[in-house]
Every structure is written in structure tokens, then in C-alpha cells.
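Trainee: fold the following for me, if possible:
(2 chains)
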There are 2 protein chains.
Amino acid sequence: MDRVYIADIAEHEGKEITLKGWLYNKRSSGKLWFLILRDGTGTIQCVISKADVDEATFDVCGELTQESSLEVTGNVSPDKRAPSGYELQVTRVKAVQIARDYPITPKEHGTAFLMDHRHLWLRSSRQTAILKVRHEIIKACRDYFDSNGFTLVDTPIFTPAACEGTTTLFETDYFGEKAYLAQSGQLYSEASIGALGKVYCFGPTFRAEKSKTRRHLTEFWMVEPEVAFADLDDNMDLAEQFLSFIVQRVLENRSEELKALERDTAPLERVVPPFPRITYDEAVDILRKNNVAFEPGGDFGGGDETVISEQFDRPVMVHRYPAAIKAFYMKRAPEDSSKALGVDVLAPEGYGEVIGGGQREEDYDTLVARIEEHDLPREAFDWYLDLRRYGTVPHSGFGLGIERTVAWICKLPHVRETIPFPRLMHRLKP
Amino acid sequence: MDRVYIADIAEHEGKEITLKGWLYNKRSSGKLWFLILRDGTGTIQCVISKADVDEATFDVCGELTQESSLEVTGNVSPDKRAPSGYELQVTRVKAVQIARDYPITPKEHGTAFLMDHRHLWLRSSRQTAILKVRHEIIKACRDYFDSNGFTLVDTPIFTPAACEGTTTLFETDYFGEKAYLAQSGQLYSEASIGALGKVYCFGPTFRAEKSKTRRHLTEFWMVEPEVAFADLDDNMDLAEQFLSFIVQRVLENRSEELKALERDTAPLERVVPPFPRITYDEAVDILRKNNVAFEPGGDFGGGDETVISEQFDRPVMVHRYPAAIKAFYMKRAPEDSSKALGVDVLAPEGYGEVIGGGQREEDYDTLVARIEEHDLPREAFDWYLDLRRYGTVPHSGFGLGIERTVAWICKLPHVRETIPFPRLMHRLKP
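Mentor: Residues are numbered from 1 along each chain as shown, chains lettered A, B, ... in the order given. Below you'll find the predicted structure:
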């Protein structure tokens, strides 16, 4: 008899099938056992009646413990009260392995304990739901770009000479040379648009930040599109289309998981274009009107971002930041050279920046001057400058942080639950 | 006037449009200029007739050099001789930037020169075609798993305590601890199946091998499915379905690129299930019959794999390798404990192993014994052993190397062309 997954149970109504999975919960009422089985695709109630099965089968139900692995054979019968619409009328139960003293019990556990047992904690319904939403978000990112003419370019993790200081870079010995783990694929994506027009990279990025906030991991995933012949406005158009697509896709395909997470979906339903677009100066005005102490010219902190985003019912795009606080490659605004053509997208509900990007400086001489102003080693950028020597074009792009997006869409208090095995300053295991 | 991509040209027949891209080639015949424009989605011939445009427009065509960036406006007219079926009757040409002395010319360049200019070399038609096939292969991998009930789990790159010796591991300082860059996500995928049933990880992996063969990169991408309640046969079923899906998808969607690469597609068309399945011992017999010097018990070299795969018209699966040459976690064959339930899939045409995997040992006591036999630090595997303590199940998985797959499908002599910015022992730039 072929094994069936719980997600496909409806196709087998009235038939005898075998399910394989783990015991989520059980209860007994004398001559009946009710086992809740989960198999990674769903959960289902399996009913064992003493009258219908042999004694060994009934007895094994008594021995089964939480997280024991088992195979259950029975008939699929409709049950209107069940979340899946079905339950299994069991004819046979086979224990694969009895789990003794599973460490995660229904009682409250501390975060450190759960993180130490992350390899098991993942099995909890809440963590499983988050991972499925994460999967959906990543698939939505890729589907969006793949169906809009972008080509994936896997940019390198190992990069040579540290371009912007080594303080937040992880370093490794590379056959006698020093190599650094990439914090972004942008410079390489910029090279790739010359070949492919529209590209995106999508991989892990690394930041050796000694920061212990709820928004920082040392290893996190980022998706970064880059488009030739695109200016800041095009970039904002792309960002709002892209982000809306992701949110709407999750709402469409993962309503069950969002429900399990008790996520109020109303704020997510509002995430549709157009997003409000305000300048940095306008954002500073918002802070002033709200009596937030803020030194104009500086970057926004998490609290500032929250106040700004609270003025709007969907993500807000803040553009034209002071050039002084932005990277050397960012193009200056033609109307005010003290401003950079950068844009951050701030998520609602206090989640802050999920997208950062902008238009890149495409002029060779200007870029050389910026590299000098920033006191960067010119020779490290020789290949990057080549892109301005040979057929340079206006171009833009941005990066979306996956873990922050998962945290926002699932409304989680901390990014550590957004990735299967989070890496934080003091967390390298399991 | 909106910008149009060359790939969408057919939608604009008879209309005036603007294309933006780079000059691939040009020629003149007195009162006509023929510009070949490429924009990352395709190439098209643009015809400029002196009689139809102003003098400045005609003159700028003379100034345009290879890889100059430009915008061309004109009318889309059908042209049966053109690969795209269309050409552009130009009304206006605007040079964005004139490229001076583009270093890659139609003459032959050495590999080192091209690799040093990888950021520009990507623009060549051959490299662009390879990157598009790579994109298609990766998309096919994800589409296969996403549509067959697998959940993506992004396994960590930073891993603690080196489990199997540090000689081929890249090491980094992790806030005072040592961390190593992952060579596989398998152990973490094994943990994730307890939550999700069927999972895959897909990310960069790292190997500090001092090897300079045509099949090795220090940084390469691997996709690794892992399935609960699956044995070696299930694993081989999955491998042949998966690999066939990828190859057929590329044939379907990337015939143009394969043609540009002059790839004979007949051998690829034969990549359909079932694949032949032979044991290691049978493979050794093949070597003996072909008078290949080979010491039974050892692993196959590239030359051995070629001889074995030449006996078949499609990929061949070799299973039941000597346990002594396989990893500690591999389950032993029940009929012969000197053999491990591992499988390698060898690609045809001399490309050798593209998939390696097998059934994992699920029994706690046996696994503990293996860890001791292999002289591995038990405490590093405590969390991994937990998976055998709490609801262990038979399970299997494998890893497919993306770069080797790209090399095979494109029939390339070396993996260095299969990834945008390859990292090799002596190659960390650009």
C-alpha cells in the first residue's frame, strides 16, 4: 500500500491508506485512542477503536509518546469538525521508534533552551508555519524576477581586498591570501547587467556586527535586483511592485500558516501599489512634528523608522538621503548634490527598513572622485571602474533582507525565528 | 516613448519604439549603417539609412565602437532573414557612452586574460548563453521541488566544530570562536525533515581543496533534497526524476542558447527515466572488462567514471559502495555490512559524478558506534544524535552540484565558465 501525505488526504476519501509521521498528541477514552499524527504536510486525527483492531495494535497506542515515529494504516473518512476535513479510522498502527523524554514539552521554555534545541524546536507548529511562510516568500521573490525578464546571477561569497573597511567583515585564509565574505552581491550584479540587462542575485550575506538587536543576524539572506537603464523612479516602481507581489502571494497561498501564527492580515492586505514616496527631508519633518529628538543629516534609527512608517497605511519609500551617510557608489541628486539618489522602504508595524537601494553613479570621473573622497583603495575598484569605461549606462537596484521580511509578514518579535538555524553573535550552534 | 526589450519585439510590429543596449557589431555600406544592438534579452539589426535620418544621427553611427551604450528609436519591421524575425528601421540614434578600446576583441584571448576580465567577458554571446542555461537549471531544480511538496530550508554556512577534519574547510574567526564554512547542508536538512517531511537546501558550499582540475571550484552551489521515510530505492527514483526534469526543461526553454553553444542535444534528449542502476561491484567489473587498472575497494577517478558511463546511453546510478570509503552517517546494506547504501549518479559524455547521496543511518546505537569508529568528536554530534533519539525514521537524500551540471548540459571543457565569478585556488578576482 502506497504511502500518502496528509496534504493529499482528500484524494483518498473512503480508501485504505498508510500515513507516516510523528505523534503530535494523543488522548484516550477507554475503548478509543485518538492519535494526532503530523507528517510535515499537515496533521490528522487517527481513531483507534478497541473493537476494530487486534490487541497489539491497541496496546502500542498506549506506549507511543510525543514525537515517536509511526506508520498508521486506516480508512479515510470525512469529518466536518476536523481542520483537514478528514480523520483516519485506523486498522493498524506500527511504531517506528518510541521517543523517550522529548525535551520540548507543552510547558513554557526559555529562549536559550529552545535555541539550543533548535533542531527539535523546528517541529513545533509555530516554527513549521514560519518556515513555510519563509519558503513562500523566497519562492515569490524568485517567481517575480523569473517572470519579469530577470536572469539570476550567483555572485561570489569570497571577495578580495576589503573595500569599505574590515570591521564588519568575516575574514578567511584563502590559500595564503585574505578573502572576505560578501556583504552584498551588488558590485557583481552591476557587472552582470552589461551582459544580461536585468539580473538578480540571491544568497547568504555576512556581517560581523557586534550587535544584539532583534533585527540582526550575522548570516542572512538577501535578494538584490539590478537593472540597466533604470533610474531612481524606476527603482521605486520595481520595489513597490515586487514587495506587493510577495505579500499578496503569501496571503494567497499561506493563509493557514498565517492563521496558525495568529497574524492579523488586514495590514498585509493593504500592501498594494502605489506606496507613498517621501524625501528624507520630509521624513525629518515628520519626526519633528512628532517631537522626536533627531539630528538632521544622520541616519534613522529603528525608533525613528517606526514613527515615520506609522504615518502611512502601507510601506513607505524614503528617498534622497544625505549623500554623506550613503555609500560612495550612490549617484547624487542632480538638483542637490548633497543628496544621494538612494531609497529605503520601511515596512509598517514597526519593522523598519526591509529594502535599501538606489541609483548608482555611472560616470567614470565622478566615481573616481568619490573613491578618492572616501579614501578607498583605487586599485581594488579597477574592474568596477571598467564598467564605467565600456558602455556605462544609468542603472539602479536594491536589496531586500529575507529575514526582516519574514519577521514582518509573520509579525515576529525577533529575526532569530525566521531562519532554520540562526547565527547570532553568541549563537553558532546547533 | 516607452523602452522595449528585444525579446518582446514581436509585440510591437509596425510601431515606433526605443531600444536601449550595447553595440555588438556594426558595418556600413556607404549610405547605410547596420548596427547590431544587444540588450541582454537578445540582439537585433538596426538599419540607418542616410536618406531617412538627420546628419548628426548618421554620423554618430560612425563614432560608435564595440560595447558603446546607446538608445535607438525606430520602426519594427519584419525581416525573415533575421534570427528574431525583425529588424529596426531607425529614425534616431543616441549614444549614451562611447567605449574606447574595449579589451576583448574578436581575436583569440588566453584564458587568464579572459578570467581577469570576467566582468566584461560575461557580455560575450557564449558566456551569456551559459548564464541563461545556468539560470534555467537552477529554476528547474527549485520548480521540481516546490511542485513536489518539498519545503526549502536555508541551512547555515557558519558551522561549529569541524566534524570530519579541517583540511578542506575554510575557517573564520567568529567573535573569538572558530567557525567553518559549510561543505553541505545535509546534517541540518536531516534535522528539518522532522518538521517538514521533505526538504531541500540550496546554497553555496565551500571546499578548500588544493586541486586544479577542470571539475573543482572552491565555492560552488549545491542543491540537496532530504526525505523522511525514504530508502535508497526511493532516493534513486527521486534522483532520476529530478535530473530528467532539469535536462528536459533546459531542452524545452533554452534551445536557442544550446544552439549558440553548438551543443548536440541528442545525448540530452535521451536523459529520461529509468536510468540504469548498477552496484559498485558491477561497475568494477566494467572497468576490468575494459582493461582499466583499478584497485577494487577504492573510489572511482574521473577516468574510471568515464569508462563506466560510456557503457550506457543516459546517466547511470552506481550504488552500494564500499562502506570504508563513505561517510560515517551512511547506512550499511542489510545484506552486506561492508557496503554502504550510497549512490552516485554519473553523467554521460565524460562528465562524471553530478549527484552523490544515499540512505542515512537512522539507528542511534549504530550511529554512535560509527562516530567512534571514525574517531570523530562525539559531543559535536550531540544534536545530530538527538534526531535518532526522538522519532527517528529511515531517510535519504542527495546533493546535485550545479556547476558540474551546467558544464555537462552546456558541454563545457571546464567548470570555470559555469558561474558568473568563479573562485579557484588561484583565482579570487575580479
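Trainee: can you pull the pLDDT of the residue of the stretch 1-150 of chain A at minimum distance from chain B?
Mentor: When scored by Cβ to the nearest Cβ, the stretch 1-150 of chain A has A:Gly40 as its residue closest to chain B, at 2.4 Å. C-betas here are computed from N, CA, C, even on glycine. Among the per-residue scores, A:Gly40 shows a pLDDT of 96.
Trainee: surely it and B:Glu226 touch.
Mentor: No: in this structure, A:Gly40 is not within contact of B:Glu226 by Cβ atoms under 8 Å, at 11.2 Å.
Trainee: neighbour count for these two, which is higher?
Mentor: Comparing A:Gly40 with B:Glu226 by other Cβ atoms under 10 Å in any protein chain shown, the one with more neighbours is B:Glu226, at 31 against 28.
Trainee: give the full set of residues in contact with that one.
Mentor: B:Glu226 makes contact with B:Gln186, B:Ser189, B:Glu190, B:Ser192, B:Ile193, B:Lys198, B:Val199, B:Tyr200, B:Cys201, B:His395, B:Ser396, B:Gly397, according to Cβ atoms under 8 Å, 6 or more residues apart in numbering or on different chains.
Trainee: give me the PyMOL select line for these, limited to the buried ones.
Mentor: Applying 16 or more other Cβ atoms under 10 Å in any protein chain shown to the contacts of B:Glu226 leaves a buried subset, and the PyMOL line that selects it is:
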select buried, chain B and resi 186+189+190+192+193+198+199+200+201+395+396+397
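Trainee: what's the spacing between A:Leu367 and A:Thr155?
Mentor: Using Cβ to Cβ, to the nearest Å, A:Leu367 is found at 20 Å from A:Thr155.
Trainee: give me the more crowded residue out of these two.
Mentor: Neighbour tally, A:Leu367 and A:Thr155, criterion other Cβ under 10 Å: the higher count belongs to A:Thr155, 27 against 21.
Trainee: please name the nearest non-neighbouring residue to A:Phe202.
Mentor: Of all residues not flanking A:Phe202 in the chain, A:Val223 sits nearest, at 4.4 Å (Cβ to Cβ, 6 or more residues apart in numbering or on different chains).
Trainee: now do the SS call for the one you found.
Mentor: Under DSSP: H, G, I helix; E, B strand; the rest coil, A:Val223 falls in the strand class.
Trainee: how about the helices in the stretch 251-400 of chain A?
Mentor: With DSSP state H, counting those that start in this stretch as the criterion, the stretch 251-400 of chain A has helices at A:255-260, A:266-269, A:280-289, A:302-309, A:364-373, A:382-389.
Trainee: and the residue in chain A sticking out farthest from the centre, what does it touch?
Mentor: Distance from the C-alpha centroid of chain A peaks at A:Ala51, with 49.1 Å (Cα atoms, centre = their mean). Shown in contact with A:Ala51 (Cβ under 8 Å, 6+ apart): A:Lys31.
Trainee: how close does it sit to A:Lys31?
Mentor: 7 Å.
Trainee: how about A:Ile325?
Mentor: The gap separating A:Ile325 from A:Lys31 is 72 Å, by Cβ to Cβ.
Trainee: looking at the helices of the stretch 251-400 of chain A, which is nearest to chain B?
Mentor: Comparing the helices of the stretch 251-400 of chain A under Cβ to the nearest Cβ, the one sitting nearest is helix A:382-389, at 3.7 Å.
Trainee: pull the distance from the closest one to the chain's centre.
Mentor: Chain-centre distance of helix A:382-389: 33 Å, with Cα atoms, centre = their mean, to the nearest Å.
Trainee: so for it, mean pLDDT?
Mentor: For helix A:382-389, mean pLDDT is 97.
Trainee: helices or strands next to it in the packing?
Mentor: helix A:186-196, helix A:364-373, helix B:118-121 (3 or more Cβ pairs under 8 Å, 6 or more residues apart in numbering or on different chains; DSSP states H and E).
Trainee: on that earlier part again, the residue of the stretch 1-150 of chain A closest to chain B in helix, strand or coil?
Mentor: coil.
Trainee: how about the contacts made by it?
Mentor: With Cβ under 8 Å, 6+ apart, A:Gly40 has these contacts: A:Tyr5, A:Gly21, A:Thr128, B:Thr151, B:Ile193, B:Ala195, B:Leu196, B:Gly197, B:Lys198, B:Ala228.
Trainee: same deal with A:Asp143?
Mentor: The contact partners of A:Asp143, taken as Cβ under 8 Å, 6+ apart, are A:Arg249.
Trainee: phi first, then psi, for it.
Mentor: The phi and psi torsions at A:Asp143 (degrees, to the nearest 10) take the values phi -60, psi -40.
Trainee: pLDDT score assigned to it?
Mentor: 98.
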